[in-house]
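S.K.: Need coordinates for the below:
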Amino acid sequence: MPDPRRAHDTIAAIATPPGDGGVGIIRISGSASRAMAARMFRAARASFTDFIPHTLHYGRIVDSHGAVLDEALVAFMPGPASYTGEDVVEINCHGGRAVLAAVLDETLRQGARMAQRGEFTYRAFMHGRLDLTQAEAVAEMIHAPTRGALHLAQAKLSGLLGRRIADLRASLESLRAQLAVAVDFPDDEVECLAPGELAEAASRVRAEIDTLLRAVDRAKAWREGALVVLAGRVNAGKSSLMNALLGRDRAIVTDQPGTTRDYLEESLSLDGLTVRLVDTAGMRPEPSDETGGESIDAVETAGLLMGRQLMDQADLVLLLADTTAPLDEATLRTARTLEPRRVMAVLTKGDLPGFDPVQATPLTDLGFEVAAVSSTTGHGLDALCARIRERVLAGAGQPDPDELAPNARQADALARAAEELGHLVADALAGVPYDLLSVRLETACAILSSITGEITSQEVLDAIFDSFCIGK
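M.R.: Numbers count the residues shown, from 1 in each chain. The predicted model follows:
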C-alpha cells in the first residue's frame, strides 16, 4: 500500500503488462519527473529546447554515460491536469523486457522511487482527480472479463456513481440541518420537519439506495462470469460434453467409471459472457439402490462432496442423463434436491442407437427444461450454449451503459446505510427524540461518505489499492 509519508516522492514504474510487446511505457509521476526526463532524453530535432505539454517528442533515451538505451516518444503532462494530479512523464519505448528494464533502472538511478501497487491511482485519489468509486472503477476496467463488465466500469469511471452517492448524502445532510435547528433551539418556535415528514424523506433516500442495490445482482454475471456446473452419474458424458463445449480435450474421457475424481474448471465465452464451466465427480448408486452400491475411496468421496457444494453455488446446473437406458436412482435422487429454476437436464449420447428422450420424462415431471446433445457429432451443442447464456442472464439482460452497479464493498456500505435509514424511519414514527434521530442520520451520512472516500479508513484504502497492479 502506498505510504502517505512518502507521498511527495517522485515515483516510476512500467505501466504496460509484463512480457514482450510492440510498445512499452515507463510512467514517472512527481515534482522531479520533468527534470529526470530532460536528463535522459536526447531529442531528434536540433530545435528542441524543452518539453511542450501534452505533445509527443521523438528522440533517444540515454543513460548517465550517454549510452543509448532506446528510441522513444516522450510526453510531459504538467499537474494538476494529469492522471495523478502531479507532473507526469510517459516514455513510450519498444516493448521488450530488457529495454523496459534498462529504461526503468536509469529512471531509478536518476532519483525516482519504484512505485507501489496502485500508487499512481492512489495519488489521483489523494489529489482529488478521482473519487474512491472512480479509483475502484479503474481496477474494474482493467480486470473486466466481458464487454458488459467494461460498460459497467466505464459508467462508474465517469463519476456517475460518485455523483449519485453525493446527491443522496446531500439529501440526508439537509435533513440533519433541519433536525439540528430543533435540537439546538428546543424552546423556540422554529419550523422543523414533523416526524412523519422526516420518515417520508428518509424513505425516499432509502428507496434510491435499494434501486442501486438491485443492480448488483443484475451485473453479477457480466462482472464476475457465471458458474455452470456439470453434474450426473458416472459415465453420463460430463467430461465429453465439457471437451465438446471447449473445443479441445481438457477432461480425460474413458469407458472406466469415475475417471473424474475431483473437479475440473475452465472458462468459456458465450457471445461475450464468461462462463466458468466445472466438471464434477460422477455420482454412484448407494448401497440401498436396487442396482447395488459401488465402493469409493476417500478421495472420490471428498470430490463428490465438493461437487455438491459447487452445485449449491452454481448459477446453472447441467444435470446430465444417459437415456440409452432408464434413468438411474442416483440421478433422480440428485434431481429431487435441485431447484428447476437453476437446472437444465441435458440428455447425452444422442448419437447412439438406444437413445430415447422418453426416458427423461421423470425429469420433465420435476419441472426441468430438457435439451438433447451428442458430444461426438456436435448435435444440439449450439442450441445448448444459447440456452445456457439465456438462462444465466434471465432477469439481467444486456447491461445498460448508464446503469450504476456497485461493487461488493460499495454494496455492503449501501446496505448498511439503508438499514440505518430503516431504523430512522421506525424511530421517527415511534416519537424518538430528534437528537437521537440526528445520530441515525449522521451514521448514514458517514457510511455514504465512505463509499466516495471523504471518510474512509486507511485499512479500507490499503485493501482497495493493494488489488491494483504496479504501474497503475
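
S.K.: Please enumerate the helices of the stretch 201-350 of the chain.
M.R.: Secondary structure of the stretch 201-350 of the chain (DSSP state H, counting those that start in this stretch): helices located at 238-246, 298-313, 329-336.

S.K.: Worst mean pLDDT among those helices?
M.R.: Ranked by mean pLDDT, these end with helix 298-313 at the bottom, a mean of 71.

S.K.: all helices of the stretch 1-150 of the chain, in order?
M.R.: Using DSSP H, counting those that start in this stretch, helices in the stretch 1-150 of the chain cover 33-40, 97-109, 119-126, 132-142, 147-157.

S.K.: mind checking which of the ones you listed is nearest residue 469?
M.R.: helix 132-142 (7.0 Å; C-beta to C-beta). Quick note: C-beta positions are derived from backbone N, CA and C, even for glycine.

S.K.: Surely residue 376 touches residue 351?
M.R.: Yes - if you go by C-beta atoms under 8 Å, residue 376 and residue 351 touch, sitting 5.0 Å apart.

S.K.: The lengthiest strand in the chain: which residues count as buried?
M.R.: As assigned by DSSP state E, the longest strand anywhere in the chain is strand 68-77. Neighbour counts over strand 68-77 (16 or more other C-beta atoms under 10 Å) mark 69-70, 72, 74-77 as buried.

S.K.: what's the closest of those residues to residue 95?
M.R.: Of the buried residues of strand 68-77, the one sitting nearest to residue 95 (C-beta to C-beta) turns out to be residue 70, at 10.2 Å.

S.K.: Would you confirm that that closest one contacts residue 61?
M.R.: Yes - applying C-beta under 8 Å, one finds residue 70 in contact with residue 61, separated by 5.3 Å.

S.K.: quick one: common contacting residues for these two?
M.R.: Taking C-beta atoms under 8 Å, 6 or more residues apart in numbering as the contact rule, the neighbours common to residue 70 and residue 61 are 93, 103.

S.K.: and the residue lying closest to residue 39 once chain neighbours are set aside, backbone torsions?
M.R.: Using C-beta to C-beta, 6 or more residues apart in numbering and skipping the chain neighbours, the partner closest in space to residue 39 is residue 110 (6.1 Å). Backbone torsions of residue 110, given as degrees, to the nearest 10, read phi -80, psi -10.

S.K.: Mind pulling up the pLDDT for residue 110?
M.R.: The model's pLDDT for residue 110 equals 95.

S.K.: Can you tell me the number of residues neighbouring it?
M.R.: By the criterion of other C-beta atoms under 10 Å, residue 110 has 20 neighbours.

S.K.: Packed most tightly, which of the helices of the stretch 201-350 of the chain would that be?
M.R.: Comparing these by mean neighbour count (mean count of other C-beta atoms under 10 Å), helix 238-246 ranks first with a mean of 22.

S.K.: Show me where this protein has its strands.
M.R.: Secondary structure of the chain by DSSP E: the strands cover 11-14, 23-29, 41-43, 56-62, 68-77, 88-94, 113-114, 226-232, 263-270, 273-280, 316-322, 343-348, 369-372.

S.K.: right, and those - which one's nearest residue 463?
M.R.: Short answer: strand 11-14, nearest of the strands of the chain by C-beta to C-beta, at 20.5 Å.

S.K.: residues in contact with that closest one?
M.R.: By C-beta under 8 Å, 6+ apart, strand 11-14 touches 24-30, 100, 104, 107-108, 112-116, 119-120, 470-471.

S.K.: any idea of the mean pLDDT in stretch 8-16?
M.R.: 94.

S.K.: end to end, how far does that stretch reach?
M.R.: Counting by C-alpha to C-alpha, to the nearest Å, you get 24 Å between the two ends of stretch 8-16.

S.K.: Next: stretch 103-119.
M.R.: By C-alpha to C-alpha, one end of stretch 103-119 lies 20 Å from the other end.

S.K.: Report the buried residues of that stretch.
M.R.: Result for stretch 103-119 [16+ other C-beta under 10 Å]: buried residues 103-104, 106-107, 110, 112, 115-119.

S.K.: What is the most widely separated pair among the residues you listed?
M.R.: 106 and 118 (24.0 Å).

S.K.: ok, back up a step: just curious, which of the buried residues of strand 68-77 is nearest to residue 453?
M.R.: residue 77 (23.2 Å).

S.K.: ok, for the closest one, nearest residue in space, not its chain neighbours?
M.R.: Per C-beta to C-beta, 6+ apart, closest to residue 77 is residue 88, 4.6 Å.

S.K.: just for the stretch 151-300 of the chain, where's the confidence low?
M.R.: Across the stretch 151-300 of the chain, the ranges flagged by pLDDT under 70 are 182-192, 248-262, 284-300.

S.K.: Against residue 15, how distant is the closest residue to residue 100 other than its chain neighbours?
M.R.: In this structure, residue 100 finds its nearest non-sequential neighbour in residue 24, 4.4 Å apart by C-beta to C-beta, 6+ apart. Noted for residue 24: a distance of 8 Å to residue 15, by C-beta to C-beta, to the nearest Å.

S.K.: how many other residues sit next to residue 390?
M.R.: For residue 390, the count of nearby residues is 10 (other C-beta under 10 Å).

S.K.: List the contacts of it.
M.R.: Counting by C-beta under 8 Å, 6+ apart, residue 390 has no contacts.

S.K.: repeat for the one 3 residues further on
M.R.: Taking C-beta under 8 Å, 6+ apart as the definition of contact, the neighbours of residue 393 are 221, 273.

S.K.: swap in residue 82?
M.R.: 29, 88, 129.

S.K.: before we move on, what about residue 87?
M.R.: Residue 87 neighbours (C-beta under 8 Å, 6+ apart): 29-31, 33-34, 76-79.

S.K.: before we move on, back to that, make CSV out of the strands of the chain and add distance to residue 386.
M.R.: Below are these laid out as CSV (distance: least, C-beta to C-beta, whole Å):
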stretch, distance to residue 386
strand 11-14, 42
strand 23-29, 39
strand 41-43, 55
strand 56-62, 46
strand 68-77, 46
strand 88-94, 43
strand 113-114, 49
strand 226-232, 13
strand 263-270, 8
strand 273-280, 11
strand 316-322, 13
strand 343-348, 12
strand 369-372, 10
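
S.K.: Residue 176 is nearest to which of the ones you listed?
M.R.: strand 23-29 (38.3 Å).

S.K.: which sections of the stretch 351-472 of the chain are below the confidence cut-off?
M.R.: 395-403.
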